[in-house]
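>>> sequence and predicted model, in that order:
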Amino acid sequence: MQIHALKTWAWVHKWSSLACTAFMLLLCLTGLPLIFSHEISHLLGNEVDPPELPSNTPLASMDNVLANAKALYPSRVVQFVFRDIDENNSWTVSLGKTATSEDDTKFVKLDARTAKVLQEPKFNEGFMYVMFKLHVDLFAGLPGMLFLGLMGVLLVVAIISGVVLYAPFMRKLEFGQIRKDRAPKLKRLDTHNFLGIVTLVWALVVGTTGIINAWADLVIKYWQFDQMSAMTAPYKGLPPPTHYASLQAAVDTAQAREPNMRLGFIAFPGTDFSSPHHYGMFMRGDSPVTSRLFKPVLIDAQTAKLTDSREVPWYLATLLISQPLHFGDYGGMPMKIIWLILDLFTIVVLWTGLVLWWKKRAHYQHDVQQRLAFNEAYASR
Amino acid sequence: MPAKTLMQIFIWPIVLGVLTMVGLVVTLLLEGGVLELISIGALGVPVIVMVYMYYFRDVIRH
(Lines give C-alpha, C1' and ligand atoms only; values in the text may rest on other atoms or scores of the structure.)
Protein backbone atom coordinates (compact mmCIF):
# COMPACT_ATOMS: atom_id res chain seq x y z
CA MET A 1 0.00 0.00 0.00
CA GLN A 2 1.25 3.46 -0.79
CA ILE A 3 2.43 5.36 2.24
CA HIS A 4 0.10 8.27 1.55
CA ALA A 5 -2.96 5.98 1.42
CA LEU A 6 -1.80 4.27 4.62
CA LYS A 7 -1.52 7.59 6.42
CA THR A 8 -5.03 8.53 5.32
CA TRP A 9 -6.47 5.21 6.54
CA ALA A 10 -4.65 5.60 9.87
CA TRP A 11 -6.12 9.08 10.26
CA VAL A 12 -9.63 7.83 9.41
CA HIS A 13 -9.32 4.92 11.87
CA LYS A 14 -8.08 7.12 14.68
CA TRP A 15 -10.69 9.84 14.43
CA SER A 16 -13.72 7.71 13.55
CA SER A 17 -12.88 5.46 16.52
CA LEU A 18 -12.18 8.27 18.97
CA ALA A 19 -15.42 10.04 18.10
CA CYS A 20 -17.59 7.00 18.80
CA THR A 21 -15.66 4.95 21.39
CA ALA A 22 -17.28 6.42 24.51
CA PHE A 23 -20.76 5.84 23.09
CA MET A 24 -19.86 2.38 21.78
CA LEU A 25 -18.61 1.41 25.25
CA LEU A 26 -21.92 2.63 26.66
CA LEU A 27 -23.86 0.65 24.03
CA CYS A 28 -21.84 -2.52 24.67
CA LEU A 29 -22.26 -2.24 28.44
CA THR A 30 -26.00 -1.46 28.36
CA GLY A 31 -26.44 -4.13 25.67
CA LEU A 32 -25.10 -6.85 27.98
CA PRO A 33 -28.16 -7.00 30.30
CA LEU A 34 -30.49 -6.40 27.34
CA ILE A 35 -29.35 -9.70 25.77
CA PHE A 36 -30.82 -11.42 28.83
CA SER A 37 -33.69 -8.99 29.47
CA HIS A 38 -36.26 -11.80 29.57
CA GLU A 39 -34.27 -13.82 32.12
CA ILE A 40 -33.39 -10.76 34.23
CA SER A 41 -37.01 -9.58 34.32
CA HIS A 42 -38.01 -13.00 35.62
CA LEU A 43 -35.27 -12.96 38.26
CA LEU A 44 -36.27 -9.49 39.42
CA GLY A 45 -39.88 -10.65 39.64
CA ASN A 46 -40.99 -8.16 36.98
CA GLU A 47 -42.51 -10.87 34.82
CA VAL A 48 -45.00 -13.43 36.03
CA ASP A 49 -45.79 -16.47 33.85
CA PRO A 50 -49.38 -17.64 33.46
CA PRO A 51 -50.16 -20.74 35.56
CA GLU A 52 -50.06 -24.24 34.07
CA LEU A 53 -53.49 -25.29 32.81
CA PRO A 54 -54.46 -28.29 30.64
CA SER A 55 -53.35 -27.56 27.07
CA ASN A 56 -56.92 -27.89 25.76
CA THR A 57 -58.21 -25.08 28.01
CA PRO A 58 -60.20 -22.76 25.72
CA LEU A 59 -59.17 -19.13 25.32
CA ALA A 60 -61.20 -16.42 27.02
CA SER A 61 -63.04 -13.87 24.90
CA MET A 62 -60.84 -10.89 24.09
CA ASP A 63 -63.73 -8.70 25.24
CA ASN A 64 -63.37 -10.14 28.76
CA VAL A 65 -59.58 -9.70 28.70
CA LEU A 66 -60.07 -6.08 27.69
CA ALA A 67 -62.86 -5.41 30.22
CA ASN A 68 -60.79 -6.78 33.13
CA ALA A 69 -57.82 -4.58 32.19
CA LYS A 70 -59.99 -1.50 31.79
CA ALA A 71 -61.70 -2.16 35.13
CA LEU A 72 -58.37 -1.36 36.84
CA TYR A 73 -58.02 1.99 35.04
CA PRO A 74 -61.50 3.08 33.94
CA SER A 75 -60.42 6.61 33.01
CA ARG A 76 -57.60 5.42 30.76
CA VAL A 77 -57.57 4.74 27.01
CA VAL A 78 -56.45 1.34 25.72
CA GLN A 79 -53.51 1.75 23.34
CA PHE A 80 -52.24 -1.73 22.57
CA VAL A 81 -52.80 -5.38 23.40
CA PHE A 82 -49.65 -7.44 22.83
CA ARG A 83 -47.71 -10.57 23.74
CA ASP A 84 -44.20 -11.95 23.33
CA ILE A 85 -43.31 -13.86 20.19
CA ASP A 86 -43.36 -17.23 21.99
CA GLU A 87 -46.19 -16.47 24.41
CA ASN A 88 -49.58 -18.12 23.84
CA ASN A 89 -51.26 -17.92 27.23
CA SER A 90 -51.18 -14.26 28.17
CA TRP A 91 -51.88 -10.79 26.83
CA THR A 92 -50.56 -7.47 28.06
CA VAL A 93 -52.79 -4.41 27.74
CA SER A 94 -51.28 -0.90 27.73
CA LEU A 95 -53.44 1.99 28.91
CA GLY A 96 -52.48 5.63 28.40
CA LYS A 97 -53.89 9.00 29.34
CA THR A 98 -54.79 9.40 25.64
CA ALA A 99 -54.46 7.09 22.63
CA THR A 100 -51.04 8.52 21.75
CA SER A 101 -49.62 9.66 25.12
CA GLU A 102 -46.31 8.02 26.02
CA ASP A 103 -45.78 9.12 29.62
CA ASP A 104 -47.14 7.24 32.64
CA THR A 105 -48.50 4.32 30.59
CA LYS A 106 -50.04 1.54 32.71
CA PHE A 107 -49.59 -2.12 31.77
CA VAL A 108 -51.82 -5.01 32.78
CA LYS A 109 -50.87 -8.63 32.04
CA LEU A 110 -53.77 -11.07 31.87
CA ASP A 111 -54.23 -14.79 31.43
CA ALA A 112 -55.50 -15.41 27.87
CA ARG A 113 -57.54 -18.44 29.03
CA THR A 114 -59.21 -17.13 32.18
CA ALA A 115 -58.97 -13.37 31.50
CA LYS A 116 -57.72 -12.98 35.08
CA VAL A 117 -55.21 -10.25 35.88
CA LEU A 118 -51.74 -11.79 36.42
CA GLN A 119 -49.76 -8.68 37.30
CA GLU A 120 -49.12 -5.05 36.45
CA PRO A 121 -45.64 -5.07 34.90
CA LYS A 122 -43.58 -1.91 35.31
CA PHE A 123 -42.01 -1.59 31.88
CA ASN A 124 -41.24 2.09 32.30
CA GLU A 125 -39.12 2.09 35.45
CA GLY A 126 -36.30 0.16 37.11
CA PHE A 127 -32.87 -1.10 36.08
CA MET A 128 -33.84 -2.69 32.75
CA TYR A 129 -35.77 0.40 31.69
CA VAL A 130 -32.72 2.60 32.35
CA MET A 131 -30.48 0.19 30.39
CA PHE A 132 -32.98 0.12 27.53
CA LYS A 133 -33.34 3.89 27.30
CA LEU A 134 -29.59 4.49 27.50
CA HIS A 135 -29.09 1.93 24.75
CA VAL A 136 -31.83 3.19 22.44
CA ASP A 137 -31.98 6.97 22.75
CA LEU A 138 -29.96 8.22 25.77
CA PHE A 139 -33.28 9.45 27.24
CA ALA A 140 -33.37 12.00 24.42
CA GLY A 141 -36.12 10.66 22.14
CA LEU A 142 -35.73 10.77 18.36
CA PRO A 143 -32.65 13.07 18.37
CA GLY A 144 -30.96 10.59 20.75
CA MET A 145 -31.78 7.65 18.49
CA LEU A 146 -30.46 9.38 15.39
CA PHE A 147 -27.32 10.49 17.24
CA LEU A 148 -26.58 6.91 18.28
CA GLY A 149 -27.27 5.87 14.67
CA LEU A 150 -24.60 8.36 13.56
CA MET A 151 -22.19 6.88 16.13
CA GLY A 152 -22.98 3.50 14.54
CA VAL A 153 -21.96 4.86 11.14
CA LEU A 154 -18.64 6.00 12.65
CA LEU A 155 -18.18 2.52 14.13
CA VAL A 156 -18.62 0.95 10.68
CA VAL A 157 -16.06 3.42 9.26
CA ALA A 158 -13.68 2.54 12.13
CA ILE A 159 -14.12 -1.20 11.49
CA ILE A 160 -13.49 -0.92 7.73
CA SER A 161 -10.42 1.30 8.19
CA GLY A 162 -9.26 -1.09 10.90
CA VAL A 163 -9.38 -4.00 8.45
CA VAL A 164 -7.31 -2.01 5.95
CA LEU A 165 -4.69 -1.26 8.64
CA TYR A 166 -4.71 -4.87 9.84
CA ALA A 167 -2.74 -6.03 6.78
CA PRO A 168 0.44 -3.91 7.13
CA PHE A 169 0.57 -4.59 10.89
CA MET A 170 0.31 -8.35 10.36
CA ARG A 171 2.89 -8.79 7.59
CA LYS A 172 5.39 -10.45 9.90
CA LEU A 173 3.10 -11.89 12.54
CA GLU A 174 1.25 -15.17 12.64
CA PHE A 175 -2.53 -15.08 12.76
CA GLY A 176 -3.54 -14.81 16.41
CA GLN A 177 -0.01 -14.12 17.65
CA ILE A 178 -0.12 -12.13 20.88
CA ARG A 179 3.31 -10.87 21.99
CA LYS A 180 2.65 -11.31 25.70
CA ASP A 181 6.30 -11.41 26.74
CA ARG A 182 7.21 -8.07 25.13
CA ALA A 183 6.25 -4.51 26.02
CA PRO A 184 2.65 -4.12 27.27
CA LYS A 185 1.85 -1.90 24.32
CA LEU A 186 2.69 -4.72 21.88
CA LYS A 187 0.42 -7.10 23.76
CA ARG A 188 -2.27 -4.42 23.70
CA LEU A 189 -1.82 -3.82 19.98
CA ASP A 190 -1.93 -7.54 19.17
CA THR A 191 -4.99 -8.05 21.37
CA HIS A 192 -6.74 -5.14 19.65
CA ASN A 193 -5.88 -6.46 16.17
CA PHE A 194 -6.71 -10.10 16.87
CA LEU A 195 -9.99 -9.65 18.74
CA GLY A 196 -10.96 -6.90 16.29
CA ILE A 197 -10.45 -9.04 13.19
CA VAL A 198 -12.24 -12.09 14.64
CA THR A 199 -15.27 -10.15 15.90
CA LEU A 200 -15.29 -8.17 12.63
CA VAL A 201 -18.30 -9.70 10.87
CA TRP A 202 -20.41 -9.87 14.01
CA ALA A 203 -19.59 -6.26 14.92
CA LEU A 204 -20.41 -5.13 11.37
CA VAL A 205 -23.75 -6.95 11.42
CA VAL A 206 -24.73 -5.69 14.88
CA GLY A 207 -23.46 -2.21 13.98
CA THR A 208 -25.35 -1.90 10.68
CA THR A 209 -28.57 -3.40 12.09
CA GLY A 210 -28.23 -0.95 14.99
CA ILE A 211 -27.99 1.92 12.48
CA ILE A 212 -31.14 0.62 10.76
CA ASN A 213 -32.91 0.38 14.13
CA ALA A 214 -31.98 3.98 14.91
CA TRP A 215 -34.28 4.94 12.04
CA ALA A 216 -37.19 2.84 13.39
CA ASP A 217 -39.38 5.77 14.46
CA LEU A 218 -38.92 7.57 11.15
CA VAL A 219 -39.47 4.39 9.11
CA ILE A 220 -42.73 3.75 10.99
CA LYS A 221 -43.80 7.37 10.48
CA TYR A 222 -43.15 7.02 6.75
CA TRP A 223 -45.08 3.73 6.65
CA GLN A 224 -48.06 5.46 8.28
CA PHE A 225 -47.86 8.24 5.71
CA ASP A 226 -47.25 5.88 2.78
CA GLN A 227 -49.49 2.86 3.56
CA MET A 228 -51.77 3.48 6.50
CA SER A 229 -53.16 6.71 5.08
CA ALA A 230 -53.90 4.96 1.76
CA MET A 231 -55.63 2.04 3.51
CA THR A 232 -57.81 4.33 5.62
CA ALA A 233 -58.45 6.95 2.90
CA PRO A 234 -62.21 6.14 2.57
CA TYR A 235 -62.65 7.12 6.24
CA LYS A 236 -60.96 10.49 5.93
CA GLY A 237 -63.04 13.32 7.40
CA LEU A 238 -65.63 11.01 9.01
CA PRO A 239 -66.52 11.74 12.64
CA PRO A 240 -64.92 9.36 15.18
CA PRO A 241 -66.94 6.22 16.02
CA THR A 242 -69.56 6.57 18.74
CA HIS A 243 -69.62 2.90 19.64
CA TYR A 244 -67.13 0.09 19.19
CA ALA A 245 -67.74 -3.45 17.95
CA SER A 246 -66.73 -6.50 19.96
CA LEU A 247 -62.96 -6.90 20.05
CA GLN A 248 -63.32 -10.67 19.79
CA ALA A 249 -65.39 -10.24 16.60
CA ALA A 250 -62.67 -7.97 15.18
CA VAL A 251 -59.99 -10.53 16.09
CA ASP A 252 -62.06 -13.29 14.44
CA THR A 253 -62.36 -11.26 11.23
CA ALA A 254 -58.60 -10.70 11.10
CA GLN A 255 -57.93 -14.38 11.83
CA ALA A 256 -60.34 -15.41 9.05
CA ARG A 257 -58.50 -13.16 6.63
CA GLU A 258 -55.11 -14.67 7.59
CA PRO A 259 -55.91 -18.20 8.80
CA ASN A 260 -52.26 -19.32 8.68
CA MET A 261 -50.94 -16.44 10.77
CA ARG A 262 -51.29 -15.67 14.45
CA LEU A 263 -52.13 -12.42 16.14
CA GLY A 264 -49.04 -10.55 17.36
CA PHE A 265 -50.54 -7.32 18.66
CA ILE A 266 -53.60 -5.10 18.37
CA ALA A 267 -53.34 -1.34 17.92
CA PHE A 268 -56.46 0.41 19.19
CA PRO A 269 -58.28 3.23 17.35
CA GLY A 270 -56.39 6.52 17.44
CA THR A 271 -52.91 5.08 18.04
CA ASP A 272 -50.03 5.50 15.61
CA PHE A 273 -50.55 1.98 14.23
CA SER A 274 -54.23 2.32 13.39
CA SER A 275 -56.67 5.10 12.48
CA PRO A 276 -59.41 6.66 14.63
CA HIS A 277 -61.82 4.24 12.91
CA HIS A 278 -59.85 1.00 13.01
CA TYR A 279 -58.38 -1.77 15.04
CA GLY A 280 -54.95 -2.51 13.59
CA MET A 281 -54.49 -6.27 13.86
CA PHE A 282 -50.84 -7.17 13.32
CA MET A 283 -50.48 -10.79 12.24
CA ARG A 284 -47.26 -12.78 12.20
CA GLY A 285 -46.24 -16.03 10.47
CA ASP A 286 -44.73 -18.96 12.30
CA SER A 287 -41.33 -19.36 10.63
CA PRO A 288 -38.36 -17.52 12.19
CA VAL A 289 -38.43 -14.92 9.40
CA THR A 290 -42.18 -14.50 8.85
CA SER A 291 -42.78 -14.29 12.61
CA ARG A 292 -40.86 -10.98 12.47
CA LEU A 293 -42.74 -9.62 9.45
CA PHE A 294 -46.00 -8.28 10.87
CA LYS A 295 -48.84 -8.08 8.38
CA PRO A 296 -51.36 -5.36 9.22
CA VAL A 297 -55.08 -6.19 8.90
CA LEU A 298 -57.29 -3.17 9.43
CA ILE A 299 -60.70 -3.89 10.93
CA ASP A 300 -63.50 -1.30 11.09
CA ALA A 301 -63.87 -0.57 14.80
CA GLN A 302 -67.65 0.01 14.56
CA THR A 303 -68.63 -3.01 12.44
CA ALA A 304 -65.74 -5.47 13.02
CA LYS A 305 -65.57 -5.89 9.22
CA LEU A 306 -62.38 -6.02 7.17
CA THR A 307 -61.22 -2.72 5.65
CA ASP A 308 -57.84 -3.59 4.11
CA SER A 309 -54.71 -5.68 4.50
CA ARG A 310 -51.36 -5.29 2.80
CA GLU A 311 -47.92 -6.89 2.84
CA VAL A 312 -45.29 -4.83 4.64
CA PRO A 313 -43.24 -2.73 2.18
CA TRP A 314 -39.51 -3.37 1.70
CA TYR A 315 -38.34 -0.60 4.04
CA LEU A 316 -40.41 -1.86 6.96
CA ALA A 317 -39.43 -5.47 6.17
CA THR A 318 -35.75 -4.41 6.27
CA LEU A 319 -36.27 -2.84 9.70
CA LEU A 320 -38.17 -5.86 11.07
CA ILE A 321 -35.61 -8.40 9.76
CA SER A 322 -32.69 -6.33 11.05
CA GLN A 323 -34.04 -6.48 14.61
CA PRO A 324 -33.27 -10.13 15.46
CA LEU A 325 -29.82 -9.74 13.89
CA HIS A 326 -29.20 -6.89 16.33
CA PHE A 327 -30.81 -8.47 19.41
CA GLY A 328 -29.48 -12.05 18.93
CA ASP A 329 -32.79 -13.39 20.23
CA TYR A 330 -33.49 -16.04 17.59
CA GLY A 331 -31.24 -18.94 18.58
CA GLY A 332 -32.17 -19.63 22.18
CA MET A 333 -29.70 -19.60 25.07
CA PRO A 334 -26.62 -20.78 23.03
CA MET A 335 -26.92 -17.73 20.79
CA LYS A 336 -27.42 -15.39 23.75
CA ILE A 337 -24.21 -16.70 25.31
CA ILE A 338 -22.33 -16.21 22.02
CA TRP A 339 -23.73 -12.65 21.87
CA LEU A 340 -22.53 -12.07 25.43
CA ILE A 341 -18.98 -13.28 24.68
CA LEU A 342 -18.73 -11.32 21.41
CA ASP A 343 -20.02 -8.22 23.20
CA LEU A 344 -17.38 -8.64 25.93
CA PHE A 345 -14.62 -9.08 23.32
CA THR A 346 -15.86 -5.95 21.53
CA ILE A 347 -15.51 -4.05 24.82
CA VAL A 348 -11.89 -5.28 24.98
CA VAL A 349 -11.28 -4.09 21.40
CA LEU A 350 -12.72 -0.65 22.21
CA TRP A 351 -10.81 -0.40 25.47
CA THR A 352 -7.43 -1.52 24.08
CA GLY A 353 -7.89 0.88 21.16
CA LEU A 354 -8.55 3.73 23.54
CA VAL A 355 -5.57 2.87 25.77
CA LEU A 356 -3.27 2.48 22.74
CA TRP A 357 -4.16 6.01 21.70
CA TRP A 358 -3.95 7.44 25.26
CA LYS A 359 -0.53 5.96 26.08
CA LYS A 360 0.94 6.99 22.78
CA ARG A 361 -0.03 10.63 23.03
CA ALA A 362 3.19 11.60 24.89
CA HIS A 363 5.56 9.97 22.43
CA TYR A 364 3.23 9.60 19.53
CA GLN A 365 4.76 8.56 16.23
CA HIS A 366 2.99 10.76 13.74
CA ASP A 367 4.63 8.88 10.95
CA VAL A 368 2.74 5.67 10.32
CA GLN A 369 5.79 4.28 8.52
CA GLN A 370 7.80 4.59 11.72
CA ARG A 371 5.01 2.89 13.69
CA LEU A 372 5.10 -0.02 11.27
CA ALA A 373 8.90 -0.26 11.60
CA PHE A 374 8.61 -0.40 15.39
CA ASN A 375 5.93 -3.02 15.14
CA GLU A 376 8.00 -5.24 12.88
CA ALA A 377 11.19 -4.79 14.91
CA TYR A 378 9.51 -6.86 17.59
CA ALA A 379 7.73 -9.24 15.24
CA SER A 380 9.92 -12.27 15.88
CA ARG A 381 9.46 -14.14 19.09
CA MET B 1 9.69 -14.44 9.23
CA PRO B 2 9.32 -13.29 5.60
CA ALA B 3 6.58 -10.77 4.84
CA LYS B 4 3.24 -12.50 4.28
CA THR B 5 1.07 -11.98 1.22
CA LEU B 6 -2.38 -10.42 1.56
CA MET B 7 -3.94 -13.84 1.05
CA GLN B 8 -1.85 -15.31 3.87
CA ILE B 9 -2.80 -12.44 6.14
CA PHE B 10 -6.52 -12.62 5.46
CA ILE B 11 -7.23 -16.31 4.92
CA TRP B 12 -8.12 -17.08 8.55
CA PRO B 13 -10.10 -13.88 9.12
CA ILE B 14 -12.07 -14.70 5.94
CA VAL B 15 -12.76 -18.29 7.04
CA LEU B 16 -13.96 -17.11 10.48
CA GLY B 17 -15.96 -14.25 8.93
CA VAL B 18 -17.76 -16.62 6.55
CA LEU B 19 -18.54 -18.99 9.44
CA THR B 20 -19.95 -16.06 11.46
CA MET B 21 -22.08 -14.90 8.52
CA VAL B 22 -23.38 -18.43 7.85
CA GLY B 23 -24.22 -18.85 11.54
CA LEU B 24 -26.05 -15.52 11.72
CA VAL B 25 -28.11 -15.94 8.56
CA VAL B 26 -28.80 -19.69 8.48
CA THR B 27 -29.99 -19.72 12.11
CA LEU B 28 -32.49 -17.00 11.18
CA LEU B 29 -33.85 -19.12 8.31
CA LEU B 30 -34.04 -22.42 10.16
CA GLU B 31 -36.58 -23.54 12.66
CA GLY B 32 -35.35 -25.81 15.44
CA GLY B 33 -33.71 -29.18 14.90
CA VAL B 34 -30.17 -30.40 14.31
CA LEU B 35 -29.43 -27.97 11.46
CA GLU B 36 -30.13 -24.99 13.70
CA LEU B 37 -27.71 -26.36 16.28
CA ILE B 38 -25.07 -26.73 13.55
CA SER B 39 -25.58 -23.15 12.40
CA ILE B 40 -25.30 -21.81 15.94
CA GLY B 41 -22.16 -23.97 16.17
CA ALA B 42 -20.76 -22.13 13.12
CA LEU B 43 -21.25 -18.88 15.03
CA GLY B 44 -19.50 -20.41 18.02
CA VAL B 45 -16.33 -21.38 16.10
CA PRO B 46 -14.81 -17.85 16.01
CA VAL B 47 -15.54 -17.55 19.74
CA ILE B 48 -13.77 -20.84 20.47
CA VAL B 49 -10.82 -19.86 18.22
CA MET B 50 -10.49 -16.55 20.06
CA VAL B 51 -10.52 -18.07 23.50
CA TYR B 52 -8.14 -20.86 22.46
CA MET B 53 -5.64 -18.58 20.69
CA TYR B 54 -5.68 -15.99 23.42
CA TYR B 55 -5.58 -18.07 26.57
CA PHE B 56 -4.54 -21.62 25.80
CA ARG B 57 -2.25 -21.73 22.76
CA ASP B 58 0.88 -20.58 24.58
CA VAL B 59 0.15 -22.82 27.56
CA ILE B 60 -0.11 -25.87 25.31
CA ARG B 61 3.02 -24.89 23.31
CA HIS B 62 5.08 -24.45 26.45
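Perfect, I can see it now.
>>> host element of residue A:265?
strand A:262-267 (DSSP states H and E).
>>> pull the distance from whatever helix or strand comes next after that strand to the chain's centre.
For strand A:262-267, the following helix or strand on the C-terminal side (DSSP H and E) is strand A:278-284. Here strand A:278-284 is found 21 Å from its chain centre; the criterion is Cα atoms, centre = their mean, to the nearest Å.
>>> what's the next helix or strand after strand A:278-284 in contact with?
Of the helices and strands lying after strand A:278-284 in sequence (DSSP H and E), the nearest is strand A:295-300. Contacting residues not belonging to strand A:295-300 are listed as A:227-228, A:231-232, A:245, A:250, A:253-254, A:257-258, A:261, A:273-275, A:277-284, A:305-312 [Cβ atoms under 8 Å, 6 or more residues apart in numbering or on different chains]. Placement of C-beta: from N, CA and C, glycine included.
>>> now these: which count as buried?
Neighbour-count burial (16 or more other Cβ atoms under 10 Å in any protein chain shown) applied to the contacts of strand A:295-300 gives A:227-228, A:231-232, A:245, A:250, A:253-254, A:257-258, A:261, A:273-275, A:277-284, A:306-309, A:312.
>>> which other helices and strands contact the strand holding residue A:265?
For strand A:262-267, the helices and strands in contact under the criterion 3 or more Cβ pairs under 8 Å, 6 or more residues apart in numbering or on different chains; DSSP states H and E are strand A:77-82, helix A:247-257, strand A:278-284.
>>> parallel or antiparallel, which strands does the first one pair with?
Think strand A:77-82. Under the criterion DSSP bridges, strand A:77-82 sits next to strand A:90-96 (antiparallel), strand A:262-267 (antiparallel) in its sheet.
>>> most tightly packed of the ones you listed?
With neighbours defined by mean count of other Cβ atoms under 10 Å in any protein chain shown, none of those is more surrounded on average than strand A:90-96, at a mean of 22.
>>> quick one: mean pLDDT over it.
Averaged over strand A:90-96, pLDDT sits at 96.
>>> before we move on, what about stretch A:111-124?
What stretch A:111-124 shows for mean pLDDT is 93.
>>> for stretch A:187-203, same thing?
Summarised as a single mean, pLDDT over stretch A:187-203 is 95.
>>> quick one: it to chain centroid distance?
For stretch A:187-203, the separation from the chain centroid amounts to 25 Å (computed by Cα atoms, centre = their mean).
>>> same thing with stretch A:84-98?
With Cα atoms, centre = their mean, you get 18 Å for stretch A:84-98.
>>> tell me the contacts of residue A:161?
Counted by Cβ under 8 Å, 6+ apart, residue A:161 has contacts A:9-10, A:12-13, A:16.
>>> pipe those residues into a markdown table and attach distance to residue A:139 per row.
Conversion of those to a markdown table gives the following (distance: Cβ to Cβ, whole Å):
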| residue | distance to residue A:139 |
| --- | --- |
| A:9 | 36 |
| A:10 | 35 |
| A:12 | 31 |
| A:13 | 30 |
| A:16 | 25 |
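>>> which of the residues you listed come close to chain B?
Among the contacts of residue A:161, no residue sits close to chain B (Cβ under 8 Å from any Cβ of the partner chain).
>>> so which of the residues you listed are in strands?
With strands taken from DSSP state E, there is no overlap with the contacts of residue A:161.
>>> what is the nearest of those residues to chain B?
Closest to chain B out of these is residue A:9 (14.7 Å), distances taken as Cβ to the nearest Cβ.
>>> count residues in the vicinity of the closest residue to the closest one other than its chain neighbours, would you?
Leaving aside its chain neighbours, residue A:9 sits nearest to residue A:164 (4.7 Å; criterion: Cβ to Cβ, 6 or more residues apart in numbering or on different chains). Neighbouring residues of residue A:164 were enumerated by other Cβ atoms under 10 Å in any protein chain shown; the total is 16.
>>> for residue A:229, same thing?
Residues near residue A:229, counting by other Cβ under 10 Å, number 12.
>>> hmm, who's touching the strand holding residue A:265?
Contact with strand A:262-267 is made by A:79-83, A:85, A:247, A:251, A:254-255, A:273-274, A:279-284, A:286, A:294, as judged by Cβ under 8 Å, 6+ apart.
>>> now do stretch A:23-36
Taking Cβ under 8 Å, 6+ apart as the criterion, the residues outside stretch A:23-36 that touch it are A:40, A:127-128, A:131-132, A:134-135, A:148, A:151, A:155, A:210, A:327-328, A:336, A:339-340, A:343-344, A:346-347, A:350-351.
>>> ranges for the helices of the chain?
Assuming you mean chain A. When assigned using DSSP state H, the helices of chain A occupy the ranges A:3-35, A:37-43, A:62-72, A:127-136, A:141-169, A:184-198, A:200-214, A:216-223, A:229-231, A:247-257, A:314-327, A:332-360, A:368-377.
>>> I was thinking of chain B, sorry if that wasn't clear
Ranges of helices within chain B are B:6-29, B:33-51, B:57-61, based on DSSP H.
>>> so can I have a markdown table of the ones you listed showing distance to chain A?
Formatted as a markdown table, the entries for the helices of chain B read as follows, by distance: least, Cβ to the nearest Cβ, whole Å:
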| stretch | distance to chain A |
| --- | --- |
| helix B:6-29 | 4 |
| helix B:33-51 | 5 |
| helix B:57-61 | 7 |
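>>> and those helices, which one is worst for confidence?
When the mean pLDDT of each of those is compared, helix B:57-61 ends up at the bottom with a mean of 65.
>>> now the helices of chain B as CSV including distance to residue A:218?
As requested, the helices of chain B are arranged in CSV below (distance: least, Cβ to Cβ, whole Å):
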stretch, distance to residue A:218
helix B:6-29, 24
helix B:33-51, 31
helix B:57-61, 47
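>>> from what I see, residue A:288 and residue B:31 are in contact.
Yes - counting by Cβ atoms under 8 Å, residue A:288 touches residue B:31, with 5.6 Å between them.
>>> of these two, which one has the most company?
Using other Cβ under 10 Å, the more surrounded residue of residue A:288 and residue B:31 is residue A:288, with 18 against 13.
>>> contact partners for that one?
Contact criterion Cβ under 8 Å, 6+ apart gives A:324, A:330, B:27-31 as the residues in contact with residue A:288.
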